[in-house]
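[1] missing the sequence, but the structure's below:
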């Protein structure tokens, strides 16, 4: 993201998306919680991490399917991007994408879709057996490999490392729809089996380390987030420590950087509606 981008303005737009998603979820009793950096921001900063430029939530796959079924209630300004709605979708996890207005665009995917405005990431939770089981190890390895191929297929041609660029050429032989079927089969292998553990395959690749008791995501509390309240797991401390270590300590200044390539869209500056 360029230095000319106003992070505060980006966060105002992201908060609007989050609140609109929450309104639909609340209306239908669809459970979700803040995740990853958004969870960290809620606990450490009572809102966004000051330099963060995205918003992450998490829900079970069953709740996501319920949310997908009522997605039209978000209104015509939004769409959900996943393999069903975006033929060349490039991620393992879905997004809620703001279509209009379009104050910023995600430059990295401009060659894939024109529906590249601001977004909210939805990370999905799937049931798994005990994370130390051989079957879970095998599925984790399969999904990690498929995600590497998908990433190389989408972004590898611009990578500075020759080996990644070479992998991207081989990845072109594999259709995204094939990768989608493989990953969906693996991720949902045990859904509905009553497993006592859950994992998010759409986060980092260390799936076995990220498996947590299923009850963790059923026990939620409300915490301050900017001017509103948002749900987080009651056991947020354990989750944050497992991912970030001493999460209350700020990172070095050099690491306080943006992660996305948003650029201002001068044709549609707009302002988020007041909440």
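    All right, it came through fine. Remember, it's a predicted structure, so these values are computed and weren't measured experimentally.

[2] only C-alpha atoms for contact and neighbour calcs from this point on.
    Fine.

[3] Name the single longest strand found in this protein.
    Counting residues, the longest strand found in the chain (DSSP state E) is strand 119-128.

[4] Neighbouring strands of that strand in the sheet, and parallel or not?
    Using DSSP bridges, strand 119-128 pairs in its sheet with strand 56-60 (parallel), strand 95-98 (antiparallel), strand 197-199 (antiparallel).

[5] Adding distance to residue 26, write those strands out as JSON lines.
    Output for the strands paired with strand 119-128, formatted as JSON lines (distance: least, Cα to Cα, whole Å):
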{"stretch": "strand 56-60", "distance to residue 26": "13"}
{"stretch": "strand 95-98", "distance to residue 26": "16"}
{"stretch": "strand 197-199", "distance to residue 26": "23"}
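
[6] who wins for proximity to residue 187 among these?
    In terms of Cα to Cα, the element of these nearest to residue 187 is strand 197-199, at 9.1 Å.

[7] Quick one: residues in contact with the closest one.
    125-131, 207-208, 210-214 (Cα atoms under 8 Å, 6 or more residues apart in numbering).

[8] just how off-centre is it within its chain?
    Centroid separation for strand 197-199 versus its chain: 17 Å, with Cα atoms, centre = their mean, to the nearest Å.

[9] And for stretch 6-23?
    Centroid displacement of stretch 6-23 relative to its chain, using Cα atoms, centre = their mean, is 15 Å.

[10] mind listing what's buried in that stretch?
    7, 10-22 (16 or more other Cα atoms under 10 Å).

[11] Check stretch 172-189 too.
    Here stretch 172-189 shows 176, 179, 180, 183, 186, 187 as buried, counting by 16+ other Cα under 10 Å.

[12] Also stretch 93-107?
    Applying 16+ other Cα under 10 Å to stretch 93-107 flags 93-99, 101-106 as buried.

[13] would you turn those into TSV with distance to residue 86 and pLDDT?
    Formatted as TSV, the buried residues of stretch 93-107 follow (distance: Cα to Cα, whole Å; pLDDT from 0 to 100):
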residue	distance to residue 86	pLDDT
93	12	92
94	10	96
95	11	97
96	12	98
97	11	97
98	14	96
99	13	95
101	20	91
102	18	89
103	21	91
104	20	92
105	17	90
106	16	88
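
[14] which one of these sits closest to residue 147?
    Using Cα to Cα, those come closest to residue 147 at residue 93, 10.8 Å.

[15] how near is that closest one to residue 241?
    Distance of residue 93 to residue 241, given as Cα to Cα, to the nearest Å: 23 Å.

[16] With residue 24 instead?
    Distance, residue 24 to residue 241, by Cα to Cα: 31 Å.

[17] More neighbours: which of those two?
    residue 24 (17 against 13; other Cα atoms under 10 Å).

[18] Could you check how far the more buried one is from residue 232?
    Separation of residue 24 from residue 232 (Cα to Cα): 17 Å.

[19] Residue 241 too?
    15 Å.

[20] Same check on residue 261?
    27 Å.

[21] Of those two, give the one with the bigger neighbour count.
    Using other Cα under 10 Å as the criterion, residue 261 and residue 232 rank with residue 232 on top: 24 against 15.

[22] Next, give phi and psi for that one.
    Phi and psi for residue 232, reported as degrees, to the nearest 10, are phi -140, psi 160.
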